[in-house]
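[1] make a model of this:
(one chain, ligands or ions: 2)
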Amino acid sequence: MPDRPAPQTIHVVVAGVAGRMGGMLARAVIEHDGVTLAGATVRPGHDWAGRDVGEAIGLGRPIGLAVSDDPLPLFAGAQAVLDFTSPEAAVAHAELAAQARLTHVIGVTGFEAAHLARLRACARHAVIVRAGNMSLGVNLLTAMTRRVAAALGTEWDVEIVETHHRWKADAPSGTALMLGEAAAQGRGATLAELAVRGRDGITGPRPEGAIGFASLRGGDVVGEHAVTFAGMGERVTLGHVATDRMIFARGAVQAALWGQGRRPGEYDMLDVLGLNEAG
Ligand SMILES: NC(=O)C1=CN([C@@H]2O[C@H](COP(=O)(O)OP(=O)(O)OC[C@H]3O[C@@H](n4cnc5c(N)ncnc54)[C@H](OP(=O)(O)O)[C@@H]3O)[C@@H](O)[C@H]2O)C=CC1
Ligand SMILES: O=C(O)C1=N[C@H](C(=O)O)C[C@H](O)C1
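    Ligands and ions are numbered 1, 2, ... in the order given. Now for the predicted structure:
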């Protein structure tokens with residue numbers, strides 16, 4: 001339950017509206033009840049600055065809102081920001097979001113430990129909902145992965161394979177790491193203790209209990225993930241295929257609404273979807 005009553009309609013800013021996800025997020029906000037698009041940002045100096053958001057994202061009509069390259073005044077007048085930009089930009093946005101006390105929904109992947117430490121500090125002042133994947137299907141898969149890993153034990157080898165479009169910047173994907181963390185949790189460990197990220201050359205036998213990752217990149221693949229539990233004489237594979245980025249955008253809007261009136265802190269989509277307890 002929220003700690004305070006949530007407003008009826010919340011004002012939402014989309015950061016990085018010129019990106020593959022940015023345009024989807026703006027559409028999702030425009031289409032969703034209970035949220036109003038209050039701003040959309042691009043990197044300083046981007047040639048979309050000043051253009052109408054509707055025209056810039058290809059909606060086919062103006063919506064009377066100009067793209068901005070200055071997040072500060074937009075954040076000051078909003079209740080939430082949806083952020084699928086880059087690790088550096090998301091950390092800078094988190095510092096502004098903390099000052100404005102707004103819900104910061106972060107879909108960005110590829111964070112390093114130093115970024116995560118800064119996000120943790122910001123979450124002392126505002127709600128951060130961060131997940132490597134905001135879709136319902138992947139979050140269900142995450143909860144299932146934790147359960148299956150707990151049930152099968154370490155004699156079943158866990159391998160996670162992900163496939164994405166040719167433009168993706170980071171590997172393994174944020175989703176793959178989320179699934180790996182869930183498998184590790186199911187076994188009472190952390191992913192840092194068990195992860196094997198990339199194999200090449202004379203690798204020797206697989207360490208028992210390791211969680212392996214492999215990444216494929218090509219074409220326009222939206223995102224595919226498979227978690228295989230390989231035992232002696234049988235294999236169990238759980239998977240998810242995304243065919244439309246709107247699944248991530250809708251999840252982000254849901255997270256923005258969920259965050260209203262919550263206590264400051266770090267949350268994820270399992271919290272939003274009520275799947276943490278179920279795991
Ligand atoms: N959690 C989830 O469900 C999902 C997460 N993702 C993640 O979201 C991120 C973005 O993915 P994608 O949309 O494909 O990538 P893109 O590169 O298409 O989009 C990122 C956008 O952010 C912009 N940007 C960077 N810095 C700033 C800034 N300071 N202010 C405003 N805009 C900025 C970039 O601008 P410029 O090009 O000028 O640098 C670019 O337009 C990735 O980390 C990806 O893994 C993607 C899909 C789903
Ligand atoms: O970069 C992407 O496109 C995606 N990134 C996320 C990830 O790293 O897992 C989520 C989704 O798979 C698409």
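
[2] the residue of the stretch 1-150 of the chain found nearest ligand 1: what's it in contact with?
    When distances are taken as CB to the nearest ligand atom, the stretch 1-150 of the chain approaches ligand 1 most closely through residue 19, which lies 2.2 Å from it. C-beta coordinates here come from the backbone N, C-alpha and C atoms, glycine included. Listed by CB atoms under 8 Å, 6 or more residues apart in numbering, the contact set of residue 19 reads 84-85.

[3] do a quick rundown of the strands in the stretch 1-150 of the chain.
    Counting by DSSP state E, counting those that start in this stretch, residue ranges of the strands within the stretch 1-150 of the chain are 10-15, 35-40, 80-83, 103-106, 127-130.

[4] can you list the strands that the fourth one pairs with?
    Within its sheet, and counting by DSSP bridges, strand 103-106 is paired with strand 80-83 (parallel), strand 127-130 (parallel).

[5] and of those strands, who's closest to ligand 2?
    strand 127-130 (12.0 Å).

[6] is that closest one in proximity to ligand 1?
    No - for strand 127-130 and ligand 1, the contact criterion (CB under 6 Å from any ligand atom) is not met; the two come no nearer than 8.3 Å.

[7] what parts of the stretch 51-200 of the chain come near ligand 1?
    Selection of the stretch 51-200 of the chain residues close to ligand 1 by CB under 6 Å from any ligand atom yields 84-86, 89, 107-110, 131-134, 174.

[8] could you dump those into TSV and include neighbour count and distance to residue 31?
    Rendered in TSV, the data for those read as follows (neighbours: other CB atoms under 10 Å; distance: CB to CB, whole Å):
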residue	neighbour count	distance to residue 31
84	26	17
85	25	22
86	19	26
89	17	25
107	25	18
108	24	23
109	24	25
110	17	28
131	27	21
132	24	24
133	28	21
134	29	16
174	20	25
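
[9] okay, and which of those map to helices?
    Using DSSP state H, the members of those that fall in helices are 89, 174.

[10] widest-spaced pair of the residues of the stretch 51-200 of the chain next to ligand 1?
    Based on CB to CB, the longest span within these runs between 89 and 133 and measures 19.2 Å.

[11] list, one by one, the residues from the stretch 151-279 of the chain near ligand 2.
    Listed as neighbours of ligand 2 in the stretch 151-279 of the chain under the rule CB under 6 Å from any ligand atom: 164, 168, 173-175, 223.

[12] pLDDT and distance to residue 274 added to these, as JSON lines?
    Conversion of these to JSON lines gives the following (pLDDT from 0 to 100; distance: CB to CB, whole Å):
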{"residue": "164", "pLDDT": "98", "distance to residue 274": "28"}
{"residue": "168", "pLDDT": "98", "distance to residue 274": "30"}
{"residue": "173", "pLDDT": "98", "distance to residue 274": "24"}
{"residue": "174", "pLDDT": "98", "distance to residue 274": "21"}
{"residue": "175", "pLDDT": "98", "distance to residue 274": "20"}
{"residue": "223", "pLDDT": "98", "distance to residue 274": "23"}
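
[13] great, nothing more from me.
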